[in-house]
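Asks: sequence and predicted structure below; questions after.
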Protein chains: 6
Amino acid sequence: MSLTRLILVFTFLLHLHFALGSDPDPVRDFCILKSDSAAHVSCKNSSAATVEDFIFSGIQLPKEFDETGLSSIPVNVNVFPGLNTLGLSLVRADFEVGGVNVPHFHPRATEVAVVLEGKLYSGFIDTQNRIFAKVIEKGEVMVFPRGLVHFQMNVGDKPATILGSFNSENPGLQRIPNAVFGSGIKDELLERAFGLKGKEIAKLRKKFAPHE
Amino acid sequence: MSLTRLILVFTFLLHLHFALGSDPDPVRDFCILKSDSAAHVSCKNSSAATVEDFIFSGIQLPKEFDETGLSSIPVNVNVFPGLNTLGLSLVRADFEVGGVNVPHFHPRATEVAVVLEGKLYSGFIDTQNRIFAKVIEKGEVMVFPRGLVHFQMNVGDKPATILGSFNSENPGLQRIPNAVFGSGIKDELLERAFGLKGKEIAKLRKKFAPHE
Amino acid sequence: MSLTRLILVFTFLLHLHFALGSDPDPVRDFCILKSDSAAHVSCKNSSAATVEDFIFSGIQLPKEFDETGLSSIPVNVNVFPGLNTLGLSLVRADFEVGGVNVPHFHPRATEVAVVLEGKLYSGFIDTQNRIFAKVIEKGEVMVFPRGLVHFQMNVGDKPATILGSFNSENPGLQRIPNAVFGSGIKDELLERAFGLKGKEIAKLRKKFAPHE
Amino acid sequence: MSLTRLILVFTFLLHLHFALGSDPDPVRDFCILKSDSAAHVSCKNSSAATVEDFIFSGIQLPKEFDETGLSSIPVNVNVFPGLNTLGLSLVRADFEVGGVNVPHFHPRATEVAVVLEGKLYSGFIDTQNRIFAKVIEKGEVMVFPRGLVHFQMNVGDKPATILGSFNSENPGLQRIPNAVFGSGIKDELLERAFGLKGKEIAKLRKKFAPHE
Amino acid sequence: MSLTRLILVFTFLLHLHFALGSDPDPVRDFCILKSDSAAHVSCKNSSAATVEDFIFSGIQLPKEFDETGLSSIPVNVNVFPGLNTLGLSLVRADFEVGGVNVPHFHPRATEVAVVLEGKLYSGFIDTQNRIFAKVIEKGEVMVFPRGLVHFQMNVGDKPATILGSFNSENPGLQRIPNAVFGSGIKDELLERAFGLKGKEIAKLRKKFAPHE
Amino acid sequence: MSLTRLILVFTFLLHLHFALGSDPDPVRDFCILKSDSAAHVSCKNSSAATVEDFIFSGIQLPKEFDETGLSSIPVNVNVFPGLNTLGLSLVRADFEVGGVNVPHFHPRATEVAVVLEGKLYSGFIDTQNRIFAKVIEKGEVMVFPRGLVHFQMNVGDKPATILGSFNSENPGLQRIPNAVFGSGIKDELLERAFGLKGKEIAKLRKKFAPHE
């Protein structure tokens, strides 16, 4: 067997997990997603499962804040393989004073967020274009229905932290400014859609283009 | 309360269990959503169902074009009660020359669109912010995966028409410009999210505010 | 590694996709089904996806009519790999004058059909054995609830075309005459089931047997 | 009852359809379907549930055989209200010597059947029109995949009994001879579909017409 | 209409929500469960929805500890009506030093728990009867797969707090000691099942009987 | 390719089936789970399927009774590969006189049981800790809602047999005595949870420990 063919086999294996699943009821107790150094991806032999496979330790601390004053750490199946087929994931989001979680949505999940610290202006828009927004504080819980645009802003005078839960192991995320202005949609379309001039669109594209 | 009205109430109750909802497998052959002049909504007695309940006739012609040059007619459970519990709906969209279907998404469905007439620049953005867009023509089919932002623009020299199908009886629709700028999200948040000045945001808000 | 074992491996890979999925919510943006010359089937590396993967171009024209005057082109995951995990598919059906889509059903989906051209007698049977049938015309939409027997006949004086949508990427199809008389069910059973004589059954079997 | 309260009631009814279910996971331990003499149907107060609600006693004995030598007793949510929302149902089928369960299918479920007594020729047809059929005996189990046409015939020399299970609380049933020939589908369509003459179709229609 | 019948109607309405749902994809943006003083339960008119409907404020503080040193506050659809149809819920659990969350399971959900404070011995048992348990600390996340028995014990020297998420709006809870010994299962059965003597069972029954 | 790597590949293949699916609607007619002598597991080439793949013959007779007087034979996807993706499975349970099916539950399914022979005290506990139990006899059917603790005891004077159906191809099973006392949960936790002394717990652990 040539190396090329071997790589071919491994490449198939690598991508097989894309087809697994979706978020319905599991048919096994669990199925830990597996990758090794050779980049194969499949499910770990269940008899080799250990308690470590069901524990994730990467959200004790926030990461660095980005330019809108947000640090967000997703805890989904991509980083926590034990979630595979189990239909649930989390996110830890930290906000600087004035920090913003830009209008965004999750294509495959409802989110329930709990404020762990601070005070946030938090809301969502329904498909009738109505806004449901309010300042929520430590210990309060807010639900963002499946797929609807939502956002938060730290309106307190110290950092804020929320913990979000999703009913999908891989809810996905589309940040509106980046998806719309940073992905390369034709200028003419954006101009007509937003009623903006070419120059204004160009400025937005520049701001949200990847690596610029 | 007259006996007649009482019977009416009981009749509603009688058929309520037919109204099983959401988009999973149905548990009845069908369950036609029912509304009468008094605005009651429940499911029609199945023995009173007629073939007319399963036929919809409102998409022979486009409606008037809106300001982006689009006419779109949804055929979902809200207008076609026979779709209730059956997990499928349609939309007819017509485009003037240069007309645009602004970046939008459906929170609860994948869409498959067929070009019936014309030539459209059509695409979607995935959650890695990559664009998948191309000009498609009469007879071509394009799929927009569940919940992802997508858009079209008539780039031909005559009107264009597409027929979209959704795997939900009520997929929902969020048009980005309206949801983000026309719903009343706080200025400070939008300014920081888009890197725009207060004046620029104000202009966009004015443009997309309802009834203005 | 012997060629035999290699083939064995490839054969496994080939058939793995049978187990993937079903039609619930996806857990990825998309997962394009992949086959190459060696007949391996798996999912395409998502970073190699192109816009062409989401576009299908095979229904611009009808195929040849069969003996009941029908040409039908399914657009499901078997021919349009980009539909994989996305829970939706289509069919284009064309009818000669007098052409018939024989009584059939889809074991895994509801269908919503739009008349693109012509005039069709179209209907379905519910599980109470009631018929819901009517002549529908260009621009009209009819829904055939999940799994129920339905049919169409071109009753106009020119060819007719419909576009059907299904809420499954692979809805399946059982044509009643072929499934019942062309599959090899024992004569005695068919005789008793239909109250027909051996000779009559033999005639039907001959007509619907494959390759005759 | 004041008009205000009446409106209140109607308003409740108006919105009830938003929440109702089907055959996915339940959200309560149980929900016993309720009907009383006044023909109201709703769910029984859970605090009034008794063990009798979860027990069904109607399949100790077969019913009378019909003209194909079959007695079949469905145990679904329509007769056993405790199954509501729980996604499972049964059928008891008895066969005279030579008795036949005509080609039929269940639009909303897979079936697993166990032979309790006797010897049956039992099979199904897949969507490639292949037959999978064999004589099975007491204690053997056969699965009929979701929505596919299947059938049985008692080929032993004493009565036979099977117990079927379905993964839907209301799987539905379409018997092919009755659905196709007894429901009133236009003669011309049936003639072309089956390649039969008007007279032959008329005979079949007469045989399977309701109440004849 | 007599008061009795009126009450009857209201009682029906009261229990209708039992039939609602399950946890599949929603078909509306939201559907807020509604109860008023007269104890009617249905869904709130969506145009009357306010932001308060999507916010829950009852978990800022723990409740009193019970006899195993646990305080647990569920945030499910029964107390937070805005979760209805959205498929997600939470629980806040606080533990005294040495406090125990007894072996229990949720019949309708996977749980993902985050340690907010303290140090807990935490684990679950799979269907092969293997234990997966470990001491987890502040900031760590553990997943308990759908329906499996799990437990926690505060093994630190100060109170501990966890926040659990469930992928059901109403996951249900069965605490093993109470379900098995406090529900009234026949003594003979428990004696044989656990290999305990009548006296030992009697002691356990007394301990876990309701109101004792 | 070294033998080690080959084994690696086979090991991946072996465990791939863990990720397949769950119990939603199938997207193929069937998908027979495949294992060969080299322990590879995948899905059988559908063109190689035979009727034997859909028939299971292992429940004609009970197995040996265990120490609680029960013999139980599951008919799930692990022993009957043809059930794969089809969402249904069975169990045959036989009871000696006085035999007990200890309190247990299925994490992923509702069960409907039919008494084939004998007389059983049979019941379940709901999440309010209420018991629903009664003696049921030959021909009676009882439903045990998804995930709830249930049990049976043969209270007649001859052996009893039941046939259970599940709406999952792999419902899972947790027997309470074994899961709680035989899995290795820390003594201190069990002592506090059950209010038992160390010595009592030790006795129970010994009884239910594997291989003792």
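Replies: Done, it's in.
Asks: just want the most central residue of chain A.
Replies: Centroid-nearest residue in chain A: A:L173, 4.4 Å away (criterion: C-alpha atoms, centre = their mean).
Asks: my guess is it meets A:V102, correct?
Replies: No - counting by C-beta atoms under 8 Å, A:L173 stays clear of A:V102, with 10.6 Å between them. Quick note: C-beta positions are derived from backbone N, CA and C, even for glycine.
Asks: any chance you could map the helices in chain A?
Replies: A:3-16, A:176-181, A:187-194, A:198-208 (DSSP state H).
Asks: mind splitting chain A into its structural domains?
Replies: Domain ranges of chain A: A:46-172, A:174-211, per the TED database.
Asks: in a markdown table, list these along with mean neighbour count and mean pLDDT.
Replies: What follows is these, written out as a markdown table (neighbours: other C-beta atoms under 10 Å in any protein chain shown; pLDDT from 0 to 100):
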| stretch | mean neighbour count | mean pLDDT |
| --- | --- | --- |
| domain A:46-172 | 22 | 97 |
| domain A:174-211 | 18 | 95 |
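Asks: of the ones you listed, which is nearest chain F?
Replies: Closest approach to chain F among those is made by domain A:46-172 (6.4 Å; C-beta to the nearest C-beta).
Asks: show the end-to-end separation of the closest one, please.
Replies: Start-to-end span of domain A:46-172 (C-alpha to C-alpha, to the nearest Å) is 27 Å.
Asks: what about stretch A:188-201 and chain B, touching?
Replies: Yes - counting by C-beta under 8 Å from any C-beta of the partner chain, chain B is contacted by stretch A:188-201 at A:188-190, A:192-196, A:200.
Asks: just give me the closest of the residues you listed to chain E.
Replies: A:A193 (22.8 Å).
Asks: for the closest one, give me its contacts.
Replies: B:68, B:100, B:102-103, B:151, B:176-177 (C-beta atoms under 8 Å, 6 or more residues apart in numbering or on different chains).
Asks: wait, which of the domains of chain A is closest to D:L86?
Replies: Minimum separation from D:L86 across the domains of chain A (C-beta to C-beta) falls at domain A:46-172, 20.1 Å.
Asks: what about the closest one and chain F, touching?
Replies: Yes - with C-beta under 8 Å from any C-beta as the criterion, chain F is reached by domain A:46-172 at A:46, A:84-85.
Asks: tell me how far A:A179 lies from B:L148.
Replies: For A:A179, the distance to B:L148 (C-beta to C-beta, to the nearest Å) stands at 9 Å.
Asks: mind listing the shared neighbours of those two?
Replies: Residues touching both A:A179 and B:L148 comprise B:I125, with contact defined as C-beta under 8 Å, 6+ apart.
Asks: among the domains of chain A, which comes closest to B:A209?
Replies: domain A:46-172 (9.8 Å).
Asks: chain center to the closest one: distance?
Replies: Per C-alpha atoms, centre = their mean, to the nearest Å, the displacement of domain A:46-172 from the mean C-alpha position of its chain is 8 Å.
Asks: what about it, near chain B?
Replies: Yes - Domain A:46-172 lies within reach of chain B by C-beta under 8 Å from any C-beta, at A:68-69, A:98, A:100, A:102-103, A:105-108, A:121, A:123, A:125, A:127, A:129-131, A:133, A:145-149, A:151, A:153, A:172.
Asks: quick one: is that domain near chain D?
Replies: No - Domain A:46-172 stays clear of chain D (C-beta under 8 Å from any C-beta), getting no nearer than 10.6 Å.
Asks: is that domain positioned near chain C?
Replies: Yes - counting by C-beta under 8 Å from any C-beta, chain C is contacted by domain A:46-172 at A:77, A:107-108, A:168-170, A:172.
Asks: those residues: which two are farthest apart?
Replies: Going by C-beta to C-beta, the pair spanning these furthest: A:V77 and A:P107, at 15.1 Å.
Asks: so which of the contacts of A:A193 comes closest to chain E?
Replies: Using C-beta to the nearest C-beta, those come closest to chain E at B:I176, 16.5 Å.
Asks: and that closest one, what does it touch?
Replies: B:I176 neighbours (C-beta under 8 Å, 6+ apart): A:176, A:180, A:193, B:102-105, B:149.
Asks: could you rerun that using 10 Å?
Replies: A:103, A:149, A:174, A:176-177, A:179-180, A:193-194, B:102-105, B:149, B:151, B:208 (C-beta atoms under 10 Å, 6 or more residues apart in numbering or on different chains).
Asks: quick one: contacts for the residue lying closest to it once chain neighbours are set aside?
Replies: Of all residues not flanking B:I176 in the chain, B:P103 sits nearest, at 4.5 Å (C-beta to C-beta, 6 or more residues apart in numbering or on different chains). B:P103 sits next to A:176, A:179-181, A:183, A:185, A:189-190, A:193-194, B:123-125, B:149-152, B:174-177, B:180 when contact means C-beta under 10 Å, 6+ apart.
Asks: and if you look at A:V91?
Replies: Contacts of A:V91 (C-beta under 10 Å, 6+ apart): A:59, A:72-76, A:101, A:106, A:111, A:113, A:162-166, A:171, A:173.
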